[in-house]
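Chemist: Sequence first, predicted coordinates after that:
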Amino acid sequence: MSSRKREASRTKKINPVYYIFCEGETEDAYVSFLKQRFRVNIKIKSKITGQNISESLIKNYIKEISRGINSKDDKTFLMYDIDSEEIKHRLLSLRNSIRLFSNPNIELWFLLHYRNQRAYINSSNCIRDLKGFNREYEKPKLNSNLERELIDNIDDAINRAKQLSEYENPSTSIHLLIDEIKRVKMGQI
């Protein structure tokens, strides 16, 4: 390899990787949807971990995927429902990650694209209310009607989510991922 090629490879900008650890298939489907929809100069790698998330699982997955090639702009996200105190406390103990928590579930984030939700709501009622707006909704899939709402009303959902109290029921911080993706799309990274 010529010294010119080696020098070029050293200075080549590495696109950041966003590692998103998801609780389940619905979260993973949403992450896949975002990747397709926003097409930004980042790699988004998601992994379904269920409730077995831990520091070592995160570290090992990132090590396996990155193969030692990291960017200072790489980020780790945790996309989880925190409808139980046990999982909430376990997730809060994990360091160096951006928390994308929804209480009671990710369907609250979807519901916020349709309406405001300020009163306590349990998981089954959240899904029921979402189905009131989108009869075809079935976990873990995103149908075309939901996908359209997730784009068309994203700013409304972000504003509604920001009005909720962090970690309380109802609350969601999934908007933090959208903010990050928008920031990258605008060239701010």
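Modeler: Arrived safely, thanks for sending.
Chemist: Please enumerate the helices of the protein.
Modeler: For the chain, the helices defined by DSSP state H cover 3-11, 25-38, 55-66, 85-92, 106-111, 123-133, 144-152, 154-162, 175-185.
Chemist: Could I get those helices in TSV, plus columns for mean pLDDT and mean neighbour count?
Modeler: Every C-beta, even on glycine, is put in place using the N, C-alpha and C of the backbone. Listed next are the helices of the chain as TSV, based on pLDDT from 0 to 100; neighbours: other CB atoms under 10 Å:
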stretch	mean pLDDT	mean neighbour count
helix 3-11	47	8
helix 25-38	94	17
helix 55-66	92	13
helix 85-92	92	14
helix 106-111	98	26
helix 123-133	98	16
helix 144-152	98	14
helix 154-162	98	17
helix 175-185	92	17
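Chemist: With respect to I98, which of these lies nearest?
Modeler: helix 175-185 (5.8 Å; CB to CB).
Chemist: Report the contact partners of the closest residue to I158 other than its chain neighbours.
Modeler: In this structure, I158 finds its nearest non-sequential neighbour in H175, 4.3 Å apart by CB to CB, 6 or more residues apart in numbering. Shown in contact with H175 (CB atoms under 8 Å, 6 or more residues apart in numbering): 157-158, 161-162.
Chemist: And for I58?
Modeler: So I58 contacts 19, 21, 76, 94, 97 (CB under 8 Å, 6+ apart).
Chemist: Now rank these by neighbours and give me the top one.
Modeler: F21 (26 neighbours; other CB atoms under 10 Å).
Chemist: Residues in a beta bridge with that residue, which ones?
Modeler: Beta-bridge partners for F21, by DSSP bridges, are K47, L78.
Chemist: pretty sure it is in contact with T76, am I right?
Modeler: Yes. Assessed by CB atoms under 8 Å, F21 is found in contact with T76 at 7.3 Å.
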